[in-house]
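S.K.: Need a 3D model of the following:
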Amino acid sequence: MKNRSNISGLEHLAASQWGMFTVAQAQILGFRRNQISRMVDAARVESMCYGVYRFVAGSEPVHADLKAAWLSVFPKETAAERLSKRPYDAVVASGTASVALGAGDFHMSPYTFIASSRRQTARADMRFLRCSLEDCDVVMLDGLPTTTPERTVFDLLRLDEDPSLVDGFMREVVQNRAHSFDFERLASLLGPIASRYGFPKGGAAFAADLVSRNAADVLMCRAGAELKGVLNGISDSDALEPETKKAGRYLFDALRDLGLDFEAEEMRETPSERNSTLAGEGS
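M.R.: This is a model prediction of the structure:
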């Protein structure tokens, strides 16, 4: 009965940790290492990384290897215990964060974490960055504390990653996650390293260069698409027809000058003009 109770407790714990548990957590619940080995032999659990196992029943979570690495950082504590602490003891960062955010051409490994206290590891596929983090620089992503796109850009640049890859990350995070960069926060973060990249101190010029080259076009196109929908709704109102026609011609000319050409000729017509055109084609 005790063994069944232990198994039930371990399964319950794993269910709250993406189906995973650490050896240290299992030992706290009364398991011995040879018992875990027998569970592996029975194909009931599988090894994810040193000291971390996953119950094979159920689907594998997104970025399972990253979650296993994160659990291994403080193996005795549960995920719930760790996530309740502030500051977070390990935050996904740098290239690992870019992969978690679904943008850029970086590699998940080495699994990189910003640690709130000094950490060392013998694992070649894991590294820790010892520095402080503001609350505004952390976002929960798939259950893990992860650096925001702004902070991720800063970390990648301060670690001397290829600037062209950082550009690619910025473009894709805007496209794939519809992220709008917080210019003031980005400028504040980039301040200490701006001179290294040939920009004045303060970070504003550096941030402006990055955003204008990598995010402005995408944001402008998105704004244009949203504006198109709004104007379509307005142009469908006969009551506003005169105003729509007059304002629309000026607005679409301006949008076209900005490079936002999206079938403006059709949208220039008011409802009555379109109906008149259709009636003429029918006769």
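S.K.: Report the residue spans of the stretch 1-150 of the chain with pLDDT below the cut-off.
M.R.: Residues of the stretch 1-150 of the chain meeting the criterion pLDDT under 70: 1-5.
S.K.: low-confidence ranges in the stretch 151-283 of the chain?
M.R.: Filtered on pLDDT under 70, the stretch 151-283 of the chain yields the residue ranges 217-283.
S.K.: ok, 80 please
M.R.: Residues of the stretch 151-283 of the chain meeting the criterion pLDDT under 80: 216-283.
S.K.: W18 and S132, how far apart?
M.R.: W18 sits at a distance of 28 Å from S132 (criterion: Cβ to Cβ, to the nearest Å). C-beta: built from backbone N, CA, C; applies to glycine.
S.K.: So which of the two has more stuff around it?
M.R.: W18 (23 against 8; other Cβ atoms under 10 Å).
S.K.: and that one, that one's in a helix?
M.R.: No. W18: not assigned to a helix; according to DSSP: H, G, I helix; E, B strand; the rest coil it is coil.
S.K.: State the distance from it to A97.
M.R.: 18 Å.
S.K.: domain ranges for this protein?
M.R.: Following automatic domain parsing, one finds the domains of the chain at 2-62, 85-214, 219-282.
S.K.: Endpoints of the second one, how far apart?
M.R.: Looking back up the chat, that one is domain 85-214. 35 Å (Cα to Cα, to the nearest Å).
S.K.: which residues touch S109?
M.R.: 65, 96, 125 (Cβ atoms under 8 Å, 6 or more residues apart in numbering).
S.K.: what about the second one, which helix or strand?
M.R.: Per DSSP states H and E: T96 is located in helix 94-100.
S.K.: quick one: the strands in the stretch 101-250 of the chain?
M.R.: 111-115, 126-130, 138-141, 144-147 (DSSP state E, counting those that start in this stretch).
S.K.: right, so of those strands, which gets closest to F74?
M.R.: strand 111-115 (9.8 Å; Cβ to Cβ).
S.K.: quick check: angle from that closest one to strand 126-130?
M.R.: Counting by axes from the mean of the first three to the mean of the last three Cα atoms, to 10 degrees, strand 111-115 lies at 30 degrees to strand 126-130.
S.K.: packing partners for strand 111-115?
M.R.: Judged by 3 or more Cβ pairs under 8 Å, 6 or more residues apart in numbering; DSSP states H and E, strand 111-115 is in contact with helix 64-73, strand 90-92, helix 94-100, strand 126-130.
S.K.: which one of the ones you listed lies closest to D142?
M.R.: helix 94-100 (7.0 Å).
S.K.: What helices and strands are in contact with that closest one?
M.R.: Applying 3+ Cβ pairs under 8 Å, 6+ apart, we find helix 94-100 packed against strand 111-115, strand 144-147, helix 149-158.
S.K.: Any idea how far that helix is from the middle of the chain?
M.R.: 8 Å (Cα atoms, centre = their mean, to the nearest Å).
S.K.: Give me the contact list for that helix.
M.R.: 63, 66, 92, 104, 106-113, 129, 141-142, 144, 146-147, 152, 155-156, 159, 161, 169, 173.
S.K.: Pipe the strands of the stretch 101-250 of the chain into TSV and attach distance to L190 and mean neighbour count per row.
M.R.: Formatted as TSV, the strands of the stretch 101-250 of the chain follow (distance: least, Cβ to Cβ, whole Å; neighbours: other Cβ atoms under 10 Å):
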stretch	distance to L190	mean neighbour count
strand 111-115	17	26
strand 126-130	17	16
strand 138-141	18	16
strand 144-147	14	24
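S.K.: could those go into JSON lines alongside distance to L13?
M.R.: Formatted as JSON lines, the strands of the stretch 101-250 of the chain follow (distance: least, Cβ to Cβ, whole Å):
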{"stretch": "strand 111-115", "distance to L13": "22"}
{"stretch": "strand 126-130", "distance to L13": "23"}
{"stretch": "strand 138-141", "distance to L13": "20"}
{"stretch": "strand 144-147", "distance to L13": "17"}
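S.K.: what about the helices in this structure?
M.R.: Under the criterion DSSP state H, the chain contains helices at 2-15, 23-28, 33-41, 64-73, 79-83, 94-100, 149-158, 163-177, 183-190, 204-214, 216-235, 241-257, 264-268, 271-282.
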